[in-house]
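1. starting from these lines, generate the structure:
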Amino acid sequence: MEAREFDPAEDPTFALHRGGKLRIESSVPVDSAAVLARAYTPGVAEVCRAIARDPRLAHTHSIKSNTVAVVTDGTAVLGLGDIGALASEPVMSGKAMLFADMAGVQAFPLCLDTRDPDEIVQTVKLVAPVFGGINLEDISAPRCFEIEARLDAELDIPVFHDDQHGTAIVVMAALVNALELTGRRFEDLRVVFSGIGAAGVACTKMLLEAGTTDIVGFDSAGAVHPGRHGLHGVKRWYAEATNPRGFCGTLPQALRGADVFIGLSRGGLLKHDDLMGMAPEAIVLALANPDPEVMPAEAIGTPVRVFATGRSDLPNQVNNVLAFPGVFRGALDAGATTINRPMKLAAARAIAGCVPAEELAVGRIVPPALDRRVPAVVAAAVAEAAVRSGVVRG
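-> As a prediction, the model looks like this:
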C-alpha cells in the first residue's frame with residue numbers, strides 16, 4: 001500500500017498516535033505508608049513467597065491474572081504486509097486498546113525483531129511468566145502455524161493466533177446466520193475460498209468440522225488439488241482434506257453453482273459476471289482489506305443474496321474485534337490453559353446469537369463491531385465451554 005501525502009503536524013490521525021496509545025497506570029492508589037508497605041516492601045515479600053510455594057497463586061495475585069501479550073514479528077500486517085517489528089507497533093497497540101476497552105483485559109504489544117520461529121517461540125516462553133495469555137498477530141504463513149502449535153503445546157496459558165482463529169470464529173458466526181436466512185445446512189454447501197493462508201486454512205477447518213465437505217480453495221497459483229505439483233506442508237494437507245471433486249479450473253469456473261464464496265486474498269479479484277453463475281441466494285464474504293475481492297455493487301442483479309466485507313463503512317462487517325476480547329476474557333475468567341475447538345465454536349455461536357431472530361436480515365448477519373454486548377456474551381460462552389471440555393486450571 002502506498003503511503004499518502006500528509007503533513008504530520010496537521011493530520012488528526014498522527015495527533016492521536018503522538019506519544020503512543022497506551023500507558024501503564026497503578027490500579028492501587030499509593031496514598032499512605034500503610035498501602036506502600038503492603039504494595040511494596042515489606043508486604044510484597046509475603047506474596048512472592050506464597051507464589052514460590054504455590055505457582056497457581058500467580059494467576060490470581062499478580063498481573064498474570066488479566067494480562068495478554070500481543071506478539072508479532074511484523075511480517076504480515078493487515079493491509080500493509082511485511083513492514084517489520086518496529087513499524088508494526090501502532091497496530092499492536094491498537095489491538096491492546098480494544099482488549100482493554102471491550103473486555104477489560106490488559107494487553108501489551110511485544111513486537112519481536114526476529115523472523116526465526118525458534119527465536120520467537122523461545123522469547124515468548126521466556127516472558128510468559130508475566131502474562132495470562134498470548135495473542136499472536138500478523139505473523140506470516142506458514143511460520144505462524146508452527147509457532148502457534150509449539151507455544152500451545154509448551155505453555156500452560158491460552159495461545160491464540162487471531163489472524164487464524166479470530167477470523168474463523170467470526171466467519172463461522174456470519175455463516176450460521178446467513179444459512180438461517182437462506183435455508184441451508186453446512187452439510188449441503190458448495191464453498192469456494194480465495195486465499196488459503198492462515199485465515200483461510202482456519203476457516204476451512206471450521207467448515208470441515210461443521211460438516212461441509214465440498215470446498216475448493218485457491219491460492220496465487222490456482223486451485224489446490226491432489227494432482228497439483230509442488231504442494232508441501234499445509235498446502236499438501238489442504239489438497240488432501242478438500243476438493244473431493246478434484247476441481248482444477250479457474251476461480252470463475254469454480255463459482256458456477258457455488259453456494260458460498262469466502263475471500264481472504266486481495267482486492268478487485270472478481271466482477272459482476274463472475275458472480276452470475278453462483279447458486280440462487282448465494283452468500284459472499286469478501287473479506288480482503290482495505291479493498292474486498294468484489295464490491296457489493298458488483299453483486300446487484302446476480303444470485304447473491306447475502307454480502308459481507310471486512311469494512312466498517314459497509315453492512316455486515318466481519319471483524320475480529322467481535323471475537324478476541326470475549327475469547328480471552330472467557331479464557332482468563334475460567335482459568336483455561338488453552339483455547340480449544342469447543343471454545344471457538346461456542347464463541348462463534350455466541351456472536352451469531354447476538355443478532356436476535358427478529359432482527360436477522362441480509363444486511364445484519366453479525367452484530368456491529370463495537371456492540372458492547374458481544375464481549376460479555378462471548379466470554380460467558382467460552383468460559384462455559386472451557387469448563388465443560390476440561391481445560392481449566394485445577
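2. can you tell me the element S88 falls in?
-> helix 84-103 (DSSP states H and E).
3. just give me the neighbour total for the residue lying closest to S312 once chain neighbours are set aside.
-> Distance criterion C-beta to C-beta, 6 or more residues apart in numbering; nearest residue to S312, sequence neighbours excluded, is A369 at 6.4 Å. Every residue, glycine included, has its C-beta placed from N, CA and C. By the criterion of other C-beta atoms under 10 Å, A369 has 17 neighbours.
4. which stretches in the stretch 201-350 of the chain count as strands?
-> 214-219, 222-223, 260-263, 282-286, 304-309 (DSSP state E, counting those that start in this stretch).
5. what number of residues lie near A52?
-> 10.
6. next structured bit after the helix or strand of the chain at the bottom of the mean pLDDT ranking?
-> None of the helices or strands of the chain scores lower by mean pLDDT, DSSP states H and E than helix 12-17, at a mean of 90. Remark: after helix 12-17, the chain's next helix or strand is helix 33-39, criterion DSSP H and E.
7. following element in sequence after that following helix, please.
-> Criterion used, DSSP H and E; the element after helix 33-39 is helix 44-53.
8. distance of the most centrally placed residue in the chain relative to E384?
-> Taking C-alpha atoms, centre = their mean, the centroid of the chain lies closest to G166, which sits 2.2 Å from it. Separation of G166 from E384 (C-beta to C-beta, to the nearest Å): 19 Å.
9. over to A336?
-> 11 Å.
10. swap in V327?
-> Taking C-beta to C-beta, one finds V327 at 13 Å from E384.
11. repeat for Q106
-> From Q106 to E384 the distance is 23 Å (C-beta to C-beta).
12. try R228
-> To E384, R228 is 42 Å away according to C-beta to C-beta.
13. can you give me the helices for the stretch 101-250 of the chain?
-> 117-127, 143-154, 167-182, 198-210, 233-241 (DSSP state H, counting those that start in this stretch).
14. any chance of those in CSV, plus distance to S389, mean pLDDT and mean neighbour count?
-> Output for the helices of the stretch 101-250 of the chain, formatted as CSV (distance: least, C-beta to C-beta, whole Å; pLDDT from 0 to 100; neighbours: other C-beta atoms under 10 Å):
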stretch, distance to S389, mean pLDDT, mean neighbour count
helix 117-127, 24, 98, 16
helix 143-154, 15, 96, 18
helix 167-182, 16, 98, 24
helix 198-210, 14, 96, 22
helix 233-241, 23, 95, 16
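15. out of the ones you listed, nearest to L251?
-> Of all those, helix 198-210 sits nearest to L251, with 13.4 Å by C-beta to C-beta.
16. could I get that closest one in CSV with only the CA atoms?
-> What follows is helix 198-210 as a C-alpha-only set of coordinates in CSV (Å, rounded to 0.1, in the frame of the first residue of the first chain):
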residue,chain,number,x,y,z
ALA,A,198,-3.5,-18.6,8.0
ALA,A,199,-7.1,-17.3,8.0
GLY,A,200,-8.2,-19.4,5.0
VAL,A,201,-6.9,-22.6,6.5
ALA,A,202,-8.5,-22.0,9.9
CYS,A,203,-11.9,-21.1,8.3
THR,A,204,-11.7,-24.3,6.2
LYS,A,205,-11.0,-26.4,9.2
MET,A,206,-14.0,-25.0,11.0
LEU,A,207,-16.2,-25.6,8.0
LEU,A,208,-15.0,-29.2,7.7
GLU,A,209,-15.8,-29.7,11.4
ALA,A,210,-19.3,-28.3,10.8
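17. which other helices and strands contact that helix?
-> If you count contacts as 3 or more C-beta pairs under 8 Å, 6 or more residues apart in numbering; DSSP states H and E, helix 198-210 packs onto helix 143-154, helix 167-182, strand 190-194, strand 214-219, helix 233-241, helix 341-353.
18. for M206, find the nearest of the ones you listed.
-> helix 167-182 (4.7 Å).
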